[in-house]
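[1] Just a sequence and a predicted model for now, questions to come.
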Amino acid sequence: MSSIRTKPCETATIQSTSVSLNCPAGAKPWVLLATILASSIVYIDESVVNVALPAIETDLVTTAVVVQWLVNAYTLSLSAFLLVGGAAGDQFGRRKLFILGTIVFAVASLWSGLAPAIAQLISARAIQGVGAALLVPCCLALIGANFNGAERGKAIGTWAGSSAVATAIAPLLGGWIVDHFSWRWIFLINPLIALPTVWIAYYRVPESRDPAARQSLDWVGTILLLLGLAGLTYGLIALPTYGWVDPIVLASLTGGLALLVAFVLVEYRSLSPILPLSLFASRTFSAVNVLTLFLYGAIGGVFFFLPFVLIQVHGFPATFAGAAFLPPTVLIAVLSRWAGGLVDRLGARLPLMIGPGIAAFGIALVGILVPNGSYWQFLVSLTILGVGMVVTVAPLTTTVIDAVPAHQTGVASGINNAVASVADLFAVAILGALAIVILDQSLSQHLQSQVLSDGAKHAIQAAHGQLVIEPTLINLQGADRAIVEPILRESLAKSIRAVLLIAAAFGAGAAVVATVIPRSTLHVDDS
């Protein structure tokens with residue numbers, strides 16, 4: 001992605017493309033326009049949804065556990081199908097998969113905007129993830145197939161810059177939409193952009209394939225990965241509610257682990273694996289993916305909880321919550337070219353130690369500020385986080401590419417993208433579960449330590465498992481409201497502060513992992 005949550009290696013996926021360029025000069029602007037529009041839809045949607053989470057939880061009268069699935073259903077299907085999406089485009093035709101992914105994403109967005117209940121919304125989000133997994137890899141593959149030499153670099157720069165602008169504006173626009181209209185409109189806008197995108201792709205974009213692409217797709221591995229991740233995610237999210245002894249929780253966790261072990265065994269024996277295990281023989285490649293897992297897990301946690309901090313703890317409107325995403329996103333867009341030269345000047349290891357360390361410091365500041373921070377203090381903390389990501393992303397991309405043979409750079413970058421998505425998936429599940437446990441414990445302590453009216457007690461009991469407080473307060477008046485509201489805000493702040501400090505520890509862990517990366521990572525030859 002082009003925002004602070006950018007998957008670190010998306011701009012590398014075209015490097016393994018091996019096709020003859022047959023693109024008429026007049027078609028190139030159309031290729032670029034179609035890919036910019038389509039990728040912007042995905043990136044805007046991902047950026048905006050988190051801002052809308054408190055409003056969705058309130059409007060659909062649901063719990064924090066269920067709201068986690070609004071993010072995780074999308075991330076789960078994206079993580080599982082991302083690796084096979086690019087391979088399918090190479091085999092069946094990139095334009096064809098690009099159009100299919102755009103249509104799937106648009107239809108799922110329409111379903112999301114019209115969903116009458118939370119279960120339908122979660123289902124629609126899962127389908128959105130499938131559409132994105134088909135669409136995103138084909139964007140850069142189409143650019144790689146239709147541009148060559150210096151033109152390709154300019155096209156990628158234009159694509160990345162345009163996507164960055166769209167992603168920077170999206171949270172602010174989304175917050176304004178949530179404040180003045182309805183969260184449903186953040187989904188309903190997508191089909192309006194998808195319609196011209198599909199028309200352009202169908203009538204103006206040439207088809208391309210990779211003649212050397214493998215002729216079989218690893219569907220067995222893909223399904224095992226999907227089910228394994230789903231089992232672990234469900235078990236982690238359900239754990240605070242039902243406990244370790246619950247048979248469904250145990251079955252989900254053990255079944256998920258077993259399926260992921262089976263996935264590794266299948267990949268080891270497969271002739272065309274989506275996860276070539278041989279790449280992990282490189283210490284650098286293994287280390288940089290562990291670093292990605294820690295760092296993007298930390299970022300995923302911050303971006304999930306930040307709207308709840310600003311809207312629920314401090315009472316800012318959704319527009320302000322959306323605007324808080326601007327500083328780090330703008331920093332990445334403006335300084336990414338400068339950061340691209342850090343590896344040449346400093347080597348890979350130093351930026352990958354310093355960058356995550358700065359990001360971890362920014363996340364820790366956000367966590368410390370949760371109870372009493374001002375809006376401007378949050379902006380400064382997020383700016384520091386953005387500086388850390390600027391220092392990290394370009395060297396991380398370069399290191400992944402340089403750690404593998406040239407003909408495997410596309411596969412390697414796809415794996416790194418998937419690792420970043422899995423990190424986001426598990427961060428929301430694990431940190432969300434911990435936040436609910438801490439929240440419920442804090443609320444229970446207030447119930448035991450204070451003399452409260454029956455109405456106040458009932459309201460505090462009803463707030464268990466909730467990350468939004470408005471539904472709990474709606475029927476309270478006078479003295480009861482004056483007592484309960486500070487309790488709810490304090491408990492919510494306490495829980496989010498704790499998990500954000502854990503997220504900061506994840507970021508610091510990424511900096512530690514970088515110490516095993518060689519000082520100078522040279523490109524691996526094909527020989």
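    The structure has been received and is ready for your questions.
[2] Which elements pack onto the helix or strand harbouring residue 420?
    Using DSSP states H and E, residue 420 sits in helix 409-449. Judged by 3 or more Cβ pairs under 8 Å, 6 or more residues apart in numbering; DSSP states H and E, helix 409-449 is in contact with helix 64-92, helix 219-242, helix 283-307, helix 375-402, helix 454-462, helix 478-513. C-beta coordinates here come from the backbone N, C-alpha and C atoms, glycine included.
[3] Check the gap between the closest residue in space to residue 204 that isn't next to it in sequence and residue 338 for me.
    Nearest non-adjacent residue to residue 204, counting by Cβ to Cβ, 6 or more residues apart in numbering: residue 30, 3.6 Å away. From residue 30 across to residue 338, the span is 31 Å (Cβ to Cβ, to the nearest Å).
[4] More neighbours: the two, which one.
    residue 30 (18 against 11; other Cβ atoms under 10 Å).
[5] Would you check how far apart the residue nearest to residue 204 and residue 37 are?
    From residue 30 to residue 37 the distance is 11 Å (Cβ to Cβ).
[6] what's the overlap in contacts for these two?
    residue 200 (Cβ atoms under 8 Å, 6 or more residues apart in numbering).
[7] Check the gap between the closest residue in space to residue 517 that isn't next to it in sequence and residue 356 for me.
    Distance criterion Cβ to Cβ, 6+ apart; nearest residue to residue 517, sequence neighbours excluded, is residue 349 at 4.6 Å. Distance, residue 349 to residue 356, by Cβ to Cβ: 12 Å.
[8] With neighbour numbers in mind, choose between those two.
    residue 356 (29 against 21).
[9] which ones are touching the more buried one?
    The neighbourhood of residue 356, defined by Cβ under 8 Å, 6+ apart, consists of 291, 294, 295, 388, 392, 507, 508, 510, 511, 514.
[10] tell me which element the residue nearest to the fifth one when sequence neighbours are not counted falls in.
    Excluding its sequence neighbours, the residue lying closest to residue 392 (Cβ to Cβ, 6+ apart) is residue 355, at 3.1 Å. Using DSSP H and E, residue 355 maps to helix 349-369.
[11] Would you mind getting the angle between the helix holding residue 420 and helix 219-242?
    10 degrees (axes from the mean of the first three to the mean of the last three Cα atoms, to 10 degrees).
[12] Show me the domain layout of the protein.
    10-16+23-217+282-439+494-516, 218-271, 440-493 (automatic domain parsing).
[13] Now do the end-to-end distance for the second one.
    The one in question is domain 218-271. End-to-end distance for domain 218-271, by Cα to Cα, to the nearest Å: 9 Å.
[14] And the domains of the chain, which one averages the lowest pLDDT?
    Here these differ in mean pLDDT, and the lowest is domain 440-493 at a mean of 80.
[15] Span of that domain from start to end?
    Start and end residues of domain 440-493 are separated by 12 Å (Cα to Cα).
[16] neighbours of the residue nearest to residue 260 when sequence neighbours are not counted, just the number please.
    If the residues on either side of it in the chain are set aside, residue 260 comes closest to residue 228, at 3.8 Å by Cβ to Cβ, 6+ apart. By the criterion of other Cβ under 10 Å, residue 228 has 21 neighbours.
[17] tell me the contacts of residue 228?
    Taking Cβ under 8 Å, 6+ apart, one finds 256, 257, 258, 259, 260, 262, 263 in contact with residue 228.
[18] Test my guess that the fourth one contacts residue 221.
    Yep, that's residue 259 we're talking about. No. Residue 259 lies out of contact with residue 221 (Cβ atoms under 8 Å); the separation is 10.9 Å.
[19] Look at those two and report which has more neighbours.
    Shown here are residue 259 and residue 221; by other Cβ under 10 Å, residue 221 has more neighbours (23 against 19).
[20] quick one: that one from residue 418, how far?
    Taken as Cβ to Cβ, the span from residue 221 to residue 418 is 12 Å.
[21] any idea how far residue 325 lies from residue 251?
    Taking Cβ to Cβ, one finds residue 325 at 38 Å from residue 251.
[22] So for those two, which sits in the more crowded spot?
    Shown here are residue 325 and residue 251; by other Cβ under 10 Å, residue 325 has more neighbours (29 against 13).
[23] residues touching the spatially closest residue to the more buried one that is not a sequence neighbour, list them.
    Among residues not flanking residue 325 along the chain, residue 171 sits closest, at 4.0 Å (Cβ to Cβ, 6+ apart). Contact analysis of residue 171 by Cβ under 8 Å, 6+ apart lists 47, 48, 50, 51, 321, 322, 323, 324, 325, 326.
[24] The third one touches residue 301, doesn't it?
    So the one you mean is residue 50. No. Using Cβ under 8 Å as the test, residue 50 is too far from residue 301 to be in contact (11.2 Å).
[25] These two: which is more packed in?
    Per other Cβ under 10 Å, whichever of residue 50 and residue 301 has more neighbours is residue 301, with 30 against 25.
[26] From what I see, that one and residue 433 are in contact.
    No. The pair residue 301 / residue 433 is not scored as a contact, 11.6 Å apart, by Cβ under 8 Å.
[27] Name the nearest residue to residue 194, sequence neighbours excluded.
    residue 106 (3.5 Å).
[28] Spell out which helix or strand contains the one you found, please.
    helix 94-114.
[29] relative to helix 64-92, how tilted is that helix?
    160 degrees.
[30] mind listing what's buried in helix 94-114?
    94-113 (16 or more other Cβ atoms under 10 Å).
[31] Now do that helix: which elements does it pack against?
    Identification of packing neighbours for helix 94-114 by 3+ Cβ pairs under 8 Å, 6+ apart yields helix 28-59, helix 64-92, helix 118-146, helix 185-204.
[32] Residue 499: which of these is closest?
    Checking the helices and strands packed on helix 94-114 against residue 499 by Cβ to Cβ gives helix 64-92 as the closest, at 11.8 Å.
[33] Would you mind measuring from the residue nearest to residue 325 to residue 297?
    20 Å.
[34] picking up where we left off before, distance from the chain centre to the helix holding residue 355, please.
    Centroid displacement of helix 349-369 relative to its chain, using Cα atoms, centre = their mean, to the nearest Å, is 18 Å.
[35] What of stretch 462-481?
    31 Å.
[36] Give me the buried positions along it.
    463-469, 471-473, 476, 480-481.
[37] Same check on stretch 119-127?
    Neighbour count says stretch 119-127 has 121, 122, 123, 124, 125, 126, 127 buried, by 16+ other Cβ under 10 Å.
[38] ditto for stretch 64-71
    So for stretch 64-71, counting by 16+ other Cβ under 10 Å, buried means 64, 65, 66, 67, 68, 69, 70, 71.
[39] cool, stretch 481-496 as well?
    Those would be 481, 483, 484, 487, 488, 489, 491, 492, 493, 494, 495, 496, for stretch 481-496 by 16+ other Cβ under 10 Å.
[40] Tell me the one of those nearest residue 237?
    residue 495 (15.3 Å).
[41] sorry, back to before: what remains of the contacts of residue 356 if I keep only buried residues?
    So, by 16+ other Cβ under 10 Å, the buried ones in those are 291, 294, 295, 388, 392, 507, 508, 510, 511, 514.
[42] check contacts around the third one.
    It stands for residue 295. Residue 295 touches 356, 359, 392, 423, 506, 507, 510, counting by Cβ under 8 Å, 6+ apart.
[43] cool, residue 379 as well?
    324, 327 are the contacts of residue 379 under Cβ under 8 Å, 6+ apart.
[44] Check the gap between residue 197 and residue 40 for me.
    9 Å.
[45] do residue 75 as well
    19 Å.
[46] which of the two has more neighbours?
    Legend: neighbour count by other Cβ under 10 Å for residue 75 and residue 40, higher for residue 75 (27 against 24).
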